[in-house]
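S.K.: Quick one, fold the following:
(2 chains)
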Amino acid sequence: MKKFTYVINDELGIHARPAGLLVKESAKFTSNITLKSGDKSGDAKRIFGVMGMGIKKGNEVTVEADGADEDAAIAALEEFFKNNL
Amino acid sequence: MITLHGKSVFGDICIGGISFYKRKERIIKRYRIDDVDQEVKRFQDAKTKGIAQLQDLYAKALHDVGEANAAIFEIHQMMLDDLDYLESVTNIITSQLVNAEYAIGVTADNFSAMFSAMDDAYMQGRAADVKDVSERLLTILDGSDSDIADSDQSNMANPYILASDDLVPSETVQLDKSKVLGFIMQKGSANSHTSILARSMGIPAIVALGDDLKSDFDGKLAIVDGFTGTVYIDPDEETLRLMKQKQAESNERKQLLKQLKGKESVTLDGRKVKIYANIGNTSDVGTVLSNDAEGIGLFRSEFLYLENNDFPTEEQQFLAYKQVAENMAGRKVIIRTLDIGADKQADYFNLDKEENPALGYRAIRICLTQPEIFKTQLRALYRAALYGNISIMFPMIISIEEIHQIKEIIKEVQNELTMNGIPFKADVETGIMIETPASALVSEDLAKEVDFFSVGTNDLTQYTLAIDRQNQKLDPFYQSHHKAILKLIKMAADSAHAEGKWIGICGELGADTSGKRY
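M.R.: Numbering: from 1, shown residues only, chains lettered A, B, ... in the order given. Model prediction:
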């Protein structure tokens, strides 16, 4: 299992558009990808799960990947968060 | 033939099929099913079809409005494909032995309730998206989507007469106006948004037709006679012949008026006036140019916000303003900054419901309290000003302090642009709307600070006479030539002229030829 943490910088937090992009990005990998923030966690491949967490600007999130391509997944998602959130 | 009478807001004639504006409303029946696999398959087929429709919509939106705005259709696809959503529907079908429609309805309610319960107003608004995608599935399941990808007016192949109870502003901005021949409304008044839109489009509209205008007229042939305020449904041969003749005569008169285009506009007493057009979308520029207006007196920038599902980016706004400035080729384009609030709402602004919206949190009041929104727009405007003759105008001003605050923000924006090395035009003409009685009364001071005034007669009348212009019961009291209004306009005009500044007029009074004598 690999993970990284990131503090959300986007004014609107993980709103619909980045949530959609995140789901799309996560779906490229076979590993299980989990998003954690505070006491909530959600499957990064499920849009309702991601949006339902209501992650806002300033929140710290942890992204965990577990599976065969976890290294590639973490590298790609870390890049994704930096560029989009 | 059925004949209906209402109140005409524009004198012209149109003949065409009626399309009744459909708002989504549905009753879902629950029934027991025997074949669970068959029912799950029905749901899955509908889902596949729904996703295909959304892909088409995405492609169309990508082409029409760009990637950022089209993204919502991609998100809708993901919602339909979401495992939680699929599992919920399938689970309800198999465990309760009920039909797919019912399972979708319950799932939609649950998921939208989840969003509604979130403590973030933006996420609460997403409940509508869940309902929207679920509605798409239900439409597919009952077969009412037939062959068209999306069952609303935007997919009508031929021009049509739009019927409804009354359209709200956010609905009117989304219409493909090139396909609308005329409007017929159950409610509304001469000053409601549909009426103003009809006049700006120059097409016949009849409002306040009442319940006699029925939704089952959908698809029927109709004649709208805006000269008499009459609508004929399923007209007989004789009426059709007479009305076609009347339409031909009206067209002939319009042709004659067209010949006057290109001539300088001079009033009867020899004074030169400039006639500018008002637009609410970049695609309206074609109409402006073909009608030979000398410029654009009011570009309503809020359409960029109302058509979007999220705040329009600086780049999106920049491209829209640049396009209009370039198309107008050096002619003046006055762009009014965001005038949202009151009756013009966009979900993502998360505005509270107000007791008294016309007197509420709107326009410049939003811009000054949320300067980030304002700054994005100003950056786009100052950048676009390099490409044509743009002026910037601020709405709903009541005091000199507001002008000082605006100037401070403009200074910050220009400093930021300079620091980032982004090219812009610093010297842009700025003006204000005179639409509150307060602004007319302190116009003497305001005239020293700005380059021009533009009188917004619709709001000025509403605020001066304390008359809600959306309320049709008040039409008898609505006097657009009331002496109080003319006095305020004169006061503003005198103040402007004393400082050597110019003043313009926009709103329905500007289109009323009987008012020009003042």
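
S.K.: Toward the C-terminus, what is the element adjacent to the lowest-mean-pLDDT helix or strand in chain B?
M.R.: Ranked by mean pLDDT, DSSP states H and E, the weakest helix or strand in chain B is helix B:169-173, scoring a mean of 50. Tracing the chain past helix B:169-173, the next element assigned as helix or strand by DSSP states H and E is strand B:180-185.

S.K.: and that next one, which strands flank it?
M.R.: Partner strands and pairing direction for strand B:180-185 (DSSP bridges) are strand B:160-164 (parallel), strand B:205-207 (parallel).

S.K.: so which of those is the most packed in?
M.R.: Stretch with highest mean neighbour count among the strands paired with strand B:180-185: strand B:205-207 (a mean of 28; mean count of other C-beta atoms under 10 Å in any protein chain shown). Glycine gets a C-beta too; all of them are placed from N, C-alpha and C.

S.K.: how much space between the residue nearest to B:Ala113 when sequence neighbours are not counted and A:Asn83?
M.R.: Distances taken as C-beta to C-beta, 6 or more residues apart in numbering or on different chains put B:Ala127 closest to B:Ala113, at 7.4 Å, once the chain neighbours are dropped. Using C-beta to C-beta, to the nearest Å, we find B:Ala127 at a distance of 29 Å from A:Asn83.

S.K.: So if I had to pick from the two, which one is more boxed in?
M.R.: B:Ala127 (19 against 9; other C-beta atoms under 10 Å in any protein chain shown).

S.K.: isn't that one right next to B:Ala117, touching?
M.R.: No - taking C-beta atoms under 8 Å as the definition, B:Ala127 is not a contact partner of B:Ala117, at 9.2 Å.

S.K.: Return every residue with contacts to both of the two.
M.R.: Common contacts of B:Ala127 and B:Ala117 (C-beta atoms under 8 Å, 6 or more residues apart in numbering or on different chains): none found.

S.K.: ok so, going back, just send the strands paired with strand B:180-185 back as JSON lines, with mean pLDDT too.
M.R.: JSON lines is the format used below for these (pLDDT from 0 to 100):
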{"stretch": "strand B:160-164", "mean pLDDT": "91"}
{"stretch": "strand B:205-207", "mean pLDDT": "90"}
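
S.K.: in which helix or strand would I find the most far-flung residue of chain A relative to its centre?
M.R.: Distance from the centre of chain A peaks at A:Ala68, with 18.0 Å (C-alpha atoms, centre = their mean). Assigned by DSSP H and E, A:Ala68 belongs to neither a helix nor a strand.

S.K.: who's in contact with it?
M.R.: By C-beta under 8 Å, 6+ apart, the contact list for A:Ala68 reads A:30-31.

S.K.: Any figure for the gap between it and chain B?
M.R.: Using C-beta to the nearest C-beta, to the nearest Å, A:Ala68 is found at 20 Å from chain B.

S.K.: For that residue, report the pLDDT, please.
M.R.: Predicted confidence (pLDDT) for A:Ala68: 91.

S.K.: can you count the residues close to the closest residue in space to B:Lys179 that isn't next to it in sequence?
M.R.: Nearest non-adjacent residue to B:Lys179, counting by C-beta to C-beta, 6+ apart: B:Pro159, 4.9 Å away. Using other C-beta under 10 Å, B:Pro159 has 17 neighbouring residues.

S.K.: thought B:Pro159 was touching B:Leu181?
M.R.: Yes - counting by C-beta under 8 Å, B:Pro159 does reach B:Leu181; the two are 4.9 Å apart.

S.K.: what do those two both touch?
M.R.: Joint contacts of B:Pro159 and B:Leu181 (C-beta under 8 Å, 6+ apart) are B:Gly16.

S.K.: in a helix, that's where A:Ser41 is, yeah?
M.R.: No - going by DSSP: H, G, I helix; E, B strand; the rest coil, the assignment for A:Ser41 is strand, not a helix.

S.K.: Would you mind measuring from it to A:Glu64?
M.R.: From A:Ser41 to A:Glu64 the distance is 9 Å (C-beta to C-beta).

S.K.: Compare neighbour counts for these two and give me the winner.
M.R.: A direct count of neighbours by other C-beta under 10 Å for A:Ser41 and A:Glu64 places A:Glu64 higher, at 20 against 15.

S.K.: Which positions within the helix or strand harbouring that one qualify as buried?
M.R.: Assigned by DSSP H and E, A:Glu64 belongs to strand A:60-66. Of all the residues in strand A:60-66, those buried under the rule 16 or more other C-beta atoms under 10 Å in any protein chain shown are A:61, A:63-65.

S.K.: Specify which member of those residues is nearest to chain B.
M.R.: A:Val61 (15.3 Å; C-beta to the nearest C-beta).
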